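> fold the following and give me the result.
(one chain, ligands or ions: 2)
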Amino acid sequence: MEKNPFLAKGYASPALFCDREKETEILLSNIQNGLDTTLISPRKLGKTGLILHTFYKISDQKLPFTCIYVDIFATLSLKDFIKTLSEAILAEFPEKTTIGGKFMSLLKGYRPVISYDPTSGMPQVEFNFSSPTEKEYTLKGLFTFLNAQKQHVVLAIDEFQQITEYPETNIEALLRTYTQQMHNISIIYCGSKKSIMAQIFSDAARPFYSSTRQLSLGKIDADKYAAFIREKFRPATVDDEAMDYILDWTRRHTFYTQSLCNEIFAMRPKVVTIAVARKASREILEKETSNFLQIRDLITDQQWRLLIAVAKEQSVQSVTSADFLAKYQIGSATNARRNLESLTDKELLLETITPTERKYSVYNVFLSRWLEVTY
Ligand SMILES: Nc1ncnc2c1ncn2[C@@H]1O[C@H](COP(=O)(O)OP(=O)(O)OP(=O)(O)O)[C@@H](O)[C@H]1O
Ligand SMILES: [Mg+2]
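Ligands and ions are numbered 1, 2, ... in the order given. You can find the predicted model right below:
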């Protein structure tokens, strides 16, 4: 049976990756010109995919860059950060190679406990720092090592906003100091929490102020996405109204569009009709129902009602307008505003700011569709 071409996680190859040509070019150009990049977009729009796609191109075109990817989502301190970075470097330069051997001896100088994951065989590093200075010295050592490589290094740090959760207060200043000295490393700082990323990179009082090029990832162009979807369904055909439905129902938010297409493909239809697309979307919502009910238990009734109201409206500019408050019985304007902030904080609502407006929608597109039809 043919493999499902619609990935709902990870990155496989350019053939399964839609567009992002301009963004890939910008990233490559920044890398080639020694510039650091801040890559920002809402969750699940394709930041990690774009990074891995760019790394694929670098390797495929044999461009002279060594690419290292670290995801710091699960890190809680500078110590975790150092561990994650060390392991990523070890993964890139295996111990058997000359560079890997050198890196291993450098690491051993910091006296970590090194073990090997029994299933993957990948090295795991545990540090025991006795003082903050020792930590900083080690971090500097890692960057200095990367900077000393013959090949220019591209370091992508995914979920970068996580550093603001670390107990250490000088982490931004430290990273900024080290990375600014290293001219042989280009860094991609990637994150989805727009307000935190903006604070880190656009606040004149903070170390990273104006030190990077910003790249905001938007939705994939509708025509390009439609052409991609048609091609991947071949030899099956996709009716025009089914295509409109797919792109509209998922709001062209990459992960949701991919998931719906994946679900449709799994039915192996000869023709993707709107009936088929609707059936697939209903099935997705059915599978998600228990997750959605759990969300309801985590927030107040009034917040839940606000979520339903936003879902029914698709997107809302002013939750405090008298009409909106009365229509959905979501309490006073003050309460609505407070709930809006809380839901945005919890990433249940997505705030979209353009030069002319500020609007809110339910962050998880499937939850939005489910609320719309359930209430
Ligand atoms: N250009 C693309 N073409 C096809 N599928 C894509 C594309 N970009 C991303 N995807 C798919 O969409 C999903 C979400 O992408 P990805 O994980 O890159 O988003 P993200 O912005 O990094 O999300 P998060 O903020 O949660 O880390 C993944 O399943 C990925 O395979
Ligand atoms: Mg990601």
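> which bits of the stretch 1-150 of the chain sit near ligand 1?
7-10, 17-20, 41, 43-49 (CB under 6 Å from any ligand atom). C-betas here are computed from N, CA, C, even on glycine.
> can you map out the helices along the stretch 1-150 of the chain?
21-32, 47-60, 78-92, 98-109, 132-147 (DSSP state H, counting those that start in this stretch).
> one step back: of the residues of the stretch 1-150 of the chain next to ligand 1, list those near ligand 2.
47, 48 (CB under 5 Å from the ion).
> what's the ChimeraX syntax to select whichever of the residues of the stretch 1-150 of the chain next to ligand 1 are buried?
Selecting only the buried entries of those in ChimeraX, with 16 or more other CB atoms under 10 Å as the criterion:
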select :7,8,17,18,20,41,44,45,46,47,48,49
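> out of the residues of the stretch 1-150 of the chain next to ligand 1, which is nearest to ligand 2?
Closest approach between these and ligand 2, by CB to the ion: residue 48, at 3.3 Å.
> who's in contact with the residue lying closest to the closest one once chain neighbours are set aside?
Nearest residue to residue 48, sequence neighbours excluded (CB to CB, 6 or more residues apart in numbering): residue 158, at 5.9 Å. Contact analysis of residue 158 by CB atoms under 8 Å, 6 or more residues apart in numbering lists 47, 48, 51, 69, 70, 71, 72, 73, 190, 191.
> can I see the domain layout of this structure?
Split into domains by automatic domain parsing, the chain comes to 20-216, 222-374.
> and the shortest one, does that touch ligand 2?
Think domain 222-374. No: counting by CB under 5 Å from the ion, ligand 2 is not contacted by domain 222-374; separation bottoms out at 9.8 Å.
> which single residue of the stretch 101-250 of the chain ends up nearest ligand 1?
residue 192 (3.9 Å; CB to the nearest ligand atom).
> for that residue, which non-adjacent residue is spatially closest?
residue 43 (4.7 Å).
> surely that neighbour meets residue 191?
No: look at residue 43 against residue 191 with CB atoms under 8 Å: they stay out of range, at 10.2 Å.
> ok so, going back, Throw the contacts of residue 158 into JSON lines and include pLDDT, thanks.
Formatted as JSON lines, the contacts of residue 158 follow (pLDDT from 0 to 100):
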{"residue": "47", "pLDDT": "96"}
{"residue": "48", "pLDDT": "96"}
{"residue": "51", "pLDDT": "97"}
{"residue": "69", "pLDDT": "96"}
{"residue": "70", "pLDDT": "96"}
{"residue": "71", "pLDDT": "95"}
{"residue": "72", "pLDDT": "96"}
{"residue": "73", "pLDDT": "95"}
{"residue": "190", "pLDDT": "97"}
{"residue": "191", "pLDDT": "95"}
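> out of these, who has the most neighbours?
When neighbours are counted by other CB atoms under 10 Å, residue 190 leads the contacts of residue 158 with 26 neighbours.
> wasn't that residue part of a strand?
Yes: counting by DSSP: H, G, I helix; E, B strand; the rest coil, one finds residue 190 located in a strand.
> isn't it up against residue 51?
Yes: counting by CB under 8 Å, residue 190 touches residue 51, with 6.4 Å between them.
> give me the common contacts of the two.
39, 156, 158.
> before we move on, the earlier item: could you dump the domains of the chain into JSON lines with distance to residue 3 added?
Below are those laid out as JSON lines (distance: least, CB to CB, whole Å):
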{"stretch": "domain 20-216", "distance to residue 3": "18"}
{"stretch": "domain 222-374", "distance to residue 3": "10"}
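> which one of those domains lies closest to residue 2?
Among the domains of the chain, the nearest to residue 2 by CB to CB is domain 222-374 (8.4 Å).
> quick one: mean pLDDT for the closest one?
Summarised as a single mean, pLDDT over domain 222-374 is 96.
> show me where the stretch 201-350 of the chain has its helices.
Under DSSP H, counting those that start in this stretch, the stretch 201-350 of the chain gives helices at 222-233, 240-249, 254-266, 274-298, 301-313, 322-328, 333-345.
> closest one to residue 203 among these?
With CB to CB as the yardstick, what comes closest out of the helices of the stretch 201-350 of the chain is helix 333-345 (19.0 Å).
> other residues contacting that closest one?
By CB under 8 Å, 6+ apart, helix 333-345 touches 299-300, 302-303, 306-307, 319-320, 324-325, 330-331, 349-351, 360.
> go again using 10 Å as the cut-off
193, 195, 299-300, 302-307, 309-310, 316, 318-322, 324-325, 328, 330-332, 348-351, 360, 362-363 (CB atoms under 10 Å, 6 or more residues apart in numbering).
> residue 204 touches residue 210, doesn't it?
Yes: between residue 204 and residue 210 there is a contact at 7.8 Å, judged by CB atoms under 10 Å.
> higher neighbour count, the two?
Using other CB under 10 Å, the more surrounded residue of residue 204 and residue 210 is residue 210, with 10 against 6.
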